[in-house]
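**Student:** Fold the stuff below for me.
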Amino acid sequence: MKHKIFWENNSRIKGIVPAEQIIKKTQTHNFPCEAVTIRMHDLNAKNPVAVAYFHGKESQHIGWGGQNHSFAETKLIVSFNKEKEEYGFNGAINSFSLQDLKEVLDSVRETLNKL
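**Tutor:** Coordinates of the predicted model:
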């Protein structure tokens with residue numbers, strides 16, 4: 001897969017996801033650009049919800065105080081779980097093709113099935 005997939009640290013993924021793919025809990029605007037970050041909800045449930053944050057290319061902006069600020073140009077948020085073939089989409093992305101989207105979501109679903 002050509003896109004980076006990171007997982008926000010949680011108790012369910014330890015030992016399943018390689019350590020180099022796990023990032024510390026943070027705010028979503030701090031998720032890496034040109035990558036997909038997975039955040040899970042309802043961790044105690046049999047079937048937790050996964051939310052995939054697709055962050056596009058990094059862009060720079062100089063704020064009023066002259067400070068440099070970087071951010072993802074585009075963002076797409078996809079919510080789903082391992083048992084239902086339902087997806088909720090919010091946002092837009094131009095750095096990922098539909099095939100990329102499918103490959104990432106299939107890969108995440110495979111990992112969820114190991115939980």
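**Student:** any idea of the mean pLDDT for stretch 47-60?
**Tutor:** In this model, stretch 47-60 has an average pLDDT of 95.
**Student:** now do stretch 86-100
**Tutor:** For stretch 86-100, the per-residue pLDDT averages 94.
**Student:** Quick check: bridge partners of the closest residue to H29 other than its chain neighbours?
**Tutor:** Once flanking residues are discounted, H29 sits nearest to F71: 6.8 Å by CB to CB, 6 or more residues apart in numbering. Backbone N, C-alpha and C define where each C-beta goes, glycine included. With DSSP bridges as the criterion, F71 is bridged to S59.
**Student:** Next one: F71 from S59, what distance?
**Tutor:** Noted for F71: a distance of 6 Å to S59, by CB to CB, to the nearest Å.
**Student:** Now the residue lying closest to F31 once chain neighbours are set aside: phi and psi?
**Tutor:** Excluding the flanking residues, the one nearest F31 by CB to CB, 6+ apart is T37, at 4.1 Å. When read as degrees, to the nearest 10, the backbone of T37 gives phi -120, psi 130.
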